[in-house]
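*Asks:* with the sequence up front, the predicted model follows.
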Amino acid sequence: MTDHTTERLDRRLVGLGIVIVAGAFMSALDATIVSVALDRIGRDFDSPLGTLQWVSVAYLLALAMVVPVTGWSVERFGARRMWLFALTVFVVASALCGLAWSIESLIAFRVLQGIGGGLIPPLAQVILVAAAGPLRIGRVMSMVSVPTQLAPVLGPTVGGFLVDGPGWPWIFFVNIPLGAIALALAWIGLPRDERRRPAARPDMLGVLLLSPAITALVYGLSLVGGGGEGGGANRAVLGSVEVLLSLGGGAVLLVAFLIHARRGHPSPAIDLRLFRRRTFALAAGLIFLSGASLFGMMFLLPLFHQQARGLDALRAGLMLAPQGVGMVAALFVVGALVDRFGARYIVLTGLGLVILGTLPFTRVDADVSDPWLAGGLVVRGIGLGAASIPLTATAYRFLPAELTPRAATALVVVQRLGASFGTAALALLLQRELDRPGASPDAAFGHMFWWMVGLGLLAVLPAAFLPGPAQTREPPADAEQPTPVTGGRPQQ
């Protein structure tokens with residue numbers, strides 16, 4: 001049995017982190033690299049914008065559909081088998097995307113790619129949390145987050161180079177060598193799954209309610225927020241039939257799932273009893289707000305630089321880099337701090353830096369200097385890094401190991417819904433500001449950045465209740481614990 005009481009990151013754990021990083025980085029890079037190729041793909045396949053957006057949306061929906069089955073699949077087949085399966089599906093689908101002969105075939109292969117890509121993030125968390133244990137989880141999460149935080153910075157640059165060079169198929173072909181390396185490392189470096197106990201039958205009704213609910217909600221929010229990777233040109237209005245049907249249908253299915261989930265199941269799609277744990281519920285709520293803040297700002301900034309400041313797309317994309325640099329810088333030190341001092345004061349400090357780094361954008365005009373804005377983004381990135389890693393670590397810290405797969409599923413769903421909701425809400429608010437009579441882009445974006453400040457302030461109160469220094473046990477106010485699965489029936 002692995003001794004989790006030691007605080008040192010041993011070579012075995014560092015090696016495991018490298019194995020997981022190889023796969024996670026490939027998936028994260030792909031999520032950002034495709035956006036720069038959509039225009040060229042549309043021209044090559046002579047596709048209208050309404051069809052072209054499905055290259056992005058199909059991948060996004062496939063991601064949302066597979067997450068609810070991740071926890072059960074780990075319990076049934078083991079984390080190592082599922083990791084190898086996810087990587088294989090992702091690499092094969094990437095090759096097929098590069099070989100696509102029509103826009104319809106590309107969309108179909110993107111669905112397959114999204115199935116593999118959707119499994120990778122929660123599986124990475126399951127594997128690392130199980131190996132690290134509660135005393136080292138902060139540093140392990142920091143270590144593996146550095147490359148994935150670099151992906152949004154590198155993705156558009158690498159994508160532009162490939163599209164202008166060998167052509168858009170290579171944004172998919174590049175995953176073949178990366179995936180081969182990730183698969184080889186995983187085959188050699190991932191420990192064999194321990195002998196598995198028979199898993200309970202999956203909650204098929206729960207999956208059939210939850211997966212379409214998440215898919216419909218994410219799709220509707222992505223339409224309002226700009227059609228996924230395609231950007232604001234694809235944005236739909238909230239009152240359109242497509243958006244209302246998607247959001248309304250998703251909400252109805254979600255309510256039906258919540259009613260069903262209250263009856264209990266030995267292997268639920270999402271174990272709602274996890275949220276009865278105060279620490280887990282606080283961390284999950286803050287992860288929702290963190291997703292909204294990170295992706296909401298990534299939605300606003302390119303539009304701000306292009307519409308208010310008149311920058312071209314490449315320069316606007318490069319202006320996002322300072323936030324990524326700040327996040328990576330924070331990750332090098334935050335993990336050790338949260339393992340030693342707990343999450344509360346680190347997250348509160350991070351939120352303060354997020355608010356401070358956003359303030360320069362609230363009172364800007366078209367002539368504001370790039371260094372002033374870049375400095376604000378570095379500070380904001382440090383704050384986001386200081387807040388995000390402690391939240392993930394805290395969510396897992398007090399959970400029994402057998403509940404990790406279910407927790408990973410829940411946290412990924414929460415984060416993705418937060419990202420989609422944040423982007424959609426900001427898109428609606430921005431459109432309202434721009435439609436005001438006599439409104440200038442400077443003023444409209446200034447108001448939007450004040451909303452981002454407000455989002456940071458909203459997170460301060462729940463963050464104050466996170467575990468503090470030297471707190472090593474679950475707060476006693478938590479309600480009953482979820483029931484671990486030990487076969488086809490609940491453990492008594």
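*Replies:* Alright, I've got the coordinates. Numbers count the residues shown, from 1 in each chain.
*Asks:* low-scoring stretches of the stretch 251-400 of the chain, by residue?
*Replies:* Under the criterion pLDDT under 70, the flagged ranges of the stretch 251-400 of the chain are 265-267, 269, 312-314, 316-317, 364-368.
*Asks:* ditto for the stretch 101-250 of the chain
*Replies:* Ranges of the stretch 101-250 of the chain meeting pLDDT under 70: 133-138, 142-150, 152-153, 156-157, 193-202, 222, 224-239.
*Asks:* tell me where it has helices.
*Replies:* Counting by DSSP state H, counting those that start in this stretch, the segments of the stretch 101-250 of the chain that form helices are 103-132, 137-164, 170-173, 175-189, 204-225, 241-261.
*Asks:* want to throw those helices into a markdown table with distance to residue 285 and mean neighbour count?
*Replies:* (Each C-beta comes from the backbone N, C-alpha and C, glycine too.) As requested, those are exported to a markdown table (distance: least, CB to CB, whole Å; neighbours: other CB atoms under 10 Å):
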| stretch | distance to residue 285 | mean neighbour count |
| --- | --- | --- |
| helix 103-132 | 18 | 23 |
| helix 137-164 | 18 | 21 |
| helix 170-173 | 35 | 22 |
| helix 175-189 | 33 | 17 |
| helix 204-225 | 17 | 22 |
| helix 241-261 | 16 | 16 |
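*Asks:* hang on, isn't residue 320 packed against residue 304?
*Replies:* No. Applying CB atoms under 8 Å, one finds residue 320 not in contact with residue 304, separated by 10.7 Å.
*Asks:* domain assignment for the chain?
*Replies:* Per the record, the chain has its domains at 1-190+198-203, 270-471, by automatic domain parsing.
*Asks:* redo those as a markdown table? Include distance to residue 250.
*Replies:* Compiled in a markdown table, the domains of the chain are given as follows (distance: least, CB to CB, whole Å):
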| stretch | distance to residue 250 |
| --- | --- |
| domain 1-190+198-203 | 10 |
| domain 270-471 | 10 |
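*Asks:* what segments of the stretch 251-400 of the chain are helices?
*Replies:* Going by DSSP H, counting those that start in this stretch, the stretch 251-400 of the chain shows helices at 278-303, 313-318, 321-341, 344-358, 370-397.
*Asks:* so which of these is the most packed in?
*Replies:* Of all the helices of the stretch 251-400 of the chain, helix 370-397 carries the top mean neighbour count, a mean of 24, counting by mean count of other CB atoms under 10 Å.
*Asks:* list the buried residues in the helix or strand that it is followed by.
*Replies:* As assigned by DSSP states H and E, the chain's next helix or strand after helix 370-397 is helix 404-434. Using 16 or more other CB atoms under 10 Å as the test for burial, helix 404-434 gives 404-427, 429-430, 433-434.
*Asks:* alpha carbons of the following helix or strand past helix 404-434, as PDB, please.
*Replies:* Per DSSP H and E, the first helix or strand lying C-terminal to helix 404-434 is helix 441-463. C-alpha atoms of helix 441-463 as PDB (Å, rounded to 0.1, in the frame of the first residue of the first chain):
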ATOM      1  CA  PRO A 441     -17.300  50.000 -27.400                       C
ATOM      2  CA  ASP A 442     -15.000  51.400 -24.700                       C
ATOM      3  CA  ALA A 443     -17.900  52.100 -22.300                       C
ATOM      4  CA  ALA A 444     -19.600  48.800 -23.100                       C
ATOM      5  CA  PHE A 445     -16.500  46.700 -22.400                       C
ATOM      6  CA  GLY A 446     -15.700  48.800 -19.300                       C
ATOM      7  CA  HIS A 447     -19.100  47.800 -17.900                       C
ATOM      8  CA  MET A 448     -18.400  44.200 -18.700                       C
ATOM      9  CA  PHE A 449     -15.100  44.200 -16.800                       C
ATOM     10  CA  TRP A 450     -17.000  45.600 -13.800                       C
ATOM     11  CA  TRP A 451     -19.200  42.500 -14.000                       C
ATOM     12  CA  MET A 452     -16.000  40.400 -13.900                       C
ATOM     13  CA  VAL A 453     -14.900  42.300 -10.700                       C
ATOM     14  CA  GLY A 454     -18.300  41.500  -9.300                       C
ATOM     15  CA  LEU A 455     -17.900  37.800 -10.000                       C
ATOM     16  CA  GLY A 456     -14.600  37.800  -8.000                       C
ATOM     17  CA  LEU A 457     -16.300  39.600  -5.100                       C
ATOM     18  CA  LEU A 458     -19.100  37.000  -5.200                       C
ATOM     19  CA  ALA A 459     -16.600  34.200  -4.600                       C
ATOM     20  CA  VAL A 460     -15.100  35.900  -1.500                       C
ATOM     21  CA  LEU A 461     -17.800  34.900   1.000                       C
ATOM     22  CA  PRO A 462     -17.900  31.100   0.200                       C
ATOM     23  CA  ALA A 463     -14.100  31.100   0.100                       C
END
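*Asks:* remind me what helix 441-463 packs against, helices and strands.
*Replies:* Judged by 3 or more CB pairs under 8 Å, 6 or more residues apart in numbering; DSSP states H and E, the packing partners of helix 441-463 are helix 278-303, helix 344-358, helix 404-434.
*Asks:* what mean pLDDT does that helix get?
*Replies:* Mean pLDDT, computed over helix 441-463, is 88.
*Asks:* please consider this matter closed, and thank you.
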